[in-house]
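*Asks:* need a structure here:
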Amino acid sequence: MRTRIKCGWLVGHANGHHTLWRNAELVYEGNSVLFVGERFEGQVDREIDASGKFVAPGFIDTHVHSGHRASHRLISDIGRGDYFGQPFLEISVPREGTRVGGDVRYVRPDDNAATDELTLNARFTIAELLRNGITTFVEFGSQLRVQQALLEVVGELGIRAYLGPGFDSGRWVGGEGGKLVRVLNEASGDREFDLAIEFIERYQGEHADRVRGILVPREIETCTVALMTKAAEAAQERNLPVAIHAAYNIHEVYDIIREHQMTSIELLQKIGLMSDKLNVGHGNFTCDNPLVNYSDSHDLDIMGSHRCSISHCPVNVARRGRFLDNWESYRKAGVNVALGTDTYPRDMILQMRNASYFGKVASGNLKSATAAQVFEAATLGGAHSVGRDDIGRLAPGAKADIIIIGLTGNDTLRMGPVRDPIKSLIDCGIGDDVETVIVDGIVRMENGNIPGIDFAELRRQAQAAGERVWSRWQEWDPNGRTADEMSPYSFPKQN
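*Replies:* Modelled structure (predicted):
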């Protein structure tokens, strides 16, 4: 099947960079782009009229935590000072001897009652990604059963995914008085690693090669050197990308320096994980950051010399009072900046806007983090992070992962007159402006509708799941707080 899209605006690709076309055509055949240009002279089987609209490569989300919805929404505007703005400590660190209540991402592996809710999480996550024009995502280390649920829904809804159960040698818990304690279980980490390898080997190339594997040692501070070394060796042997949270957390930065007498980035290099297919989750607290006050750091130079990536999640870090320091320095060092949504909302256009605005502020330079640069981070940057040159771009031979974006602001005045669609999108767009999503040459969303997805029913189920999380907060909270005590309502609640 050969399809022509008649475009109002079109982002093509040539000589390593995006290009911008006006009133052009894109033709794809099967799952590959055949033609990008002014006019296609060959025969086509069907046409999609996107005149007056913007046609672009699908976005690549390099940092997704499946299922994060309700529980995470309790962290806005609040937080323990001793957590230094680290969000995961607020919602996934239980009192020692307990588990996070009501949240199936943390249930025991043998708890079969959680199956339906794991499927809900997977459907909610993937539907939200597609609705916002994300055609490829990287899942950042959830347990095996979460990955299995995602695998099924990837097949059903047709997105492209990098999956692999996460593994670590321990975890954070709340000890006496709520203080942070790291517990170690090396045998458990080894078992999780073996499960990850088994999962990847079994499902690599599943669903017409839309599923590929990724190794995810979850956090540098909760993995032993031995476990991370095994991951590095396995990645090299199997040519797999790797993702790890590192240089992201004040506790982690100083713990690694104290324990290893080197920075997190230096440790990643020493054990062999640093490469051009390493995705450093966040990476906003390198020791080059003035806030760390670490003398003679060369973290950015190390990262840049390997062309490694950071998955920058600007909305998530901004709501915790932080930003990337700074966009310009990372780019000049040669670090590949990719974007991720992390938790919520999974709106890549919003992420690009925040990346651009905070990038300008942090750099003290209005010409930093331009609309073009953040758009490249959401497309080409994501492709680089997983070692691919056939996604994140629209050129002959690339995968037909295509999005069509309306330029009317959903029939409002929000967009105004459009001279440059990239700048208009970054400054004025939202995820809901995405109208059509094509993945691997198949239309997966049309006019905002995803076949098989009832958004109202998903919202209802997600609300019920959230109520269950909130009602059980006191069972596991390190300080014994209820949800209302941990996250008070914005205004007095009158009922």
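*Asks:* any weak-confidence spans in this protein?
*Replies:* Scanning the chain with the threshold set as pLDDT under 70 gives 69-72, 109-110, 113.
*Asks:* so which residue is dead centre in it?
*Replies:* H63 (2.1 Å; C-alpha atoms, centre = their mean).
*Asks:* quick one: secondary structure of that residue?
*Replies:* Assigned with DSSP: H, G, I helix; E, B strand; the rest coil, H63 falls in the strand class.
*Asks:* contact partners for it?
*Replies:* Counting by C-beta atoms under 8 Å, 6 or more residues apart in numbering, H63 touches V138, F140, A243, N279, G281, H282, S311, C313, L339, G340, T341, D342. Just so you know, the C-beta spots here come from the backbone N, C-alpha and C atoms, and that holds for glycine as well.
*Asks:* and if we set it to 6 Å?
*Replies:* F140, S311, C313, G340, D342 (C-beta atoms under 6 Å, 6 or more residues apart in numbering).
*Asks:* list phi and psi for the second one.
*Replies:* Backbone dihedrals for S311, given as degrees, to the nearest 10, come out at phi -100, psi 100.
*Asks:* any idea what it is bridged to?
*Replies:* G281, A338 (DSSP bridges).
*Asks:* isn't it up against V337?
*Replies:* No - counting by C-beta atoms under 6 Å, S311 stays clear of V337, with 8.9 Å between them.
*Asks:* out of these two, which sits in the more crowded spot?
*Replies:* For S311 versus V337, the count of surrounding residues by other C-beta atoms under 10 Å is larger for S311: 29 against 25.
*Asks:* distance of the more buried one from S142?
*Replies:* 15 Å (C-beta to C-beta, to the nearest Å).
*Asks:* could you list the domains of the protein?
*Replies:* 2-58+394-445, 59-385 (automatic domain parsing).
*Asks:* helix, strand or coil for H245?
*Replies:* H245 - assigned by three-state DSSP - is strand.
*Asks:* give me the neighbour count for it.
*Replies:* Around H245 there are 28 residues (other C-beta under 10 Å).
*Asks:* so it makes contact with E221?
*Replies:* No - using C-beta under 6 Å, H245 is not in contact with E221; the gap is 8.4 Å.
*Asks:* re the thing from before, and the domains of the chain, which is most packed in?
*Replies:* Most buried of the domains of the chain, by mean neighbour count (mean count of other C-beta atoms under 10 Å): domain 59-385, with a mean of 20.
*Asks:* measure that domain end to end?
*Replies:* 13 Å (C-alpha to C-alpha, to the nearest Å).
*Asks:* what about it, distance to the chain center?
*Replies:* Distance, stretch centre to chain centre, for domain 59-385: 7 Å (C-alpha atoms, centre = their mean, to the nearest Å).
*Asks:* repeat that for stretch 425-437.
*Replies:* That offset, for stretch 425-437, works out to 18 Å (C-alpha atoms, centre = their mean).
*Asks:* so I60 sits against D390, correct?
*Replies:* No - using C-beta under 6 Å, I60 is not in contact with D390; the gap is 11.8 Å.
*Asks:* not counting sequence-adjacent ones, nearest residue to G52?
*Replies:* Using C-beta to C-beta, 6 or more residues apart in numbering and skipping residues adjacent in sequence, the residue nearest G52 is G8, 4.4 Å away.
*Asks:* assumed that neighbour was part of a strand.
*Replies:* Yes - counting by three-state DSSP, G8 falls inside a strand.
*Asks:* and the next helix or strand past the helix or strand where R459 lies?
*Replies:* Using DSSP states H and E, R459 falls within helix 455-471. Once the chain leaves helix 455-471, the next helix or strand it forms, by DSSP H and E, is helix 473-476.
*Asks:* which other residues reach that following helix?
*Replies:* So helix 473-476 is contacted by P94, R95, T98, V100, G101, G480, T482, A483 (C-beta under 6 Å, 6+ apart).
*Asks:* my read is the fifth one is in a helix, agree?
*Replies:* No - counting by three-state DSSP, G101 is not found in a helix; it is coil.
*Asks:* so it makes contact with W470?
*Replies:* No - here G101 does not reach W470: they are 9.7 Å apart, not a contact under C-beta under 6 Å.
*Asks:* pull the contacting residues for I349.
*Replies:* G429, I430, G431.
*Asks:* could you redo the last one with a cut-off of 10 Å?
*Replies:* 59, 132-133, 374-375, 378, 405, 425-426, 428-434 (C-beta atoms under 10 Å, 6 or more residues apart in numbering).
*Asks:* hang on, the earlier thing: the domains of the chain: which one's closest to S490?
*Replies:* Among the domains of the chain, the nearest to S490 by C-beta to C-beta is domain 59-385 (7.6 Å).
*Asks:* show me what contacts I200?
*Replies:* 147, 162-165, 211-215, 234, 238, 240 are the contacts of I200 under C-beta under 10 Å, 6+ apart.
*Asks:* then S76?
*Replies:* Taking C-beta under 10 Å, 6+ apart, one finds P87, R319, R320, S487, S490 in contact with S76.
*Asks:* could these go into CSV alongside secondary structure?
*Replies:* Formatted as CSV, these follow (three-state DSSP):
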residue, secondary structure
P87, helix
R319, coil
R320, coil
S487, coil
S490, coil
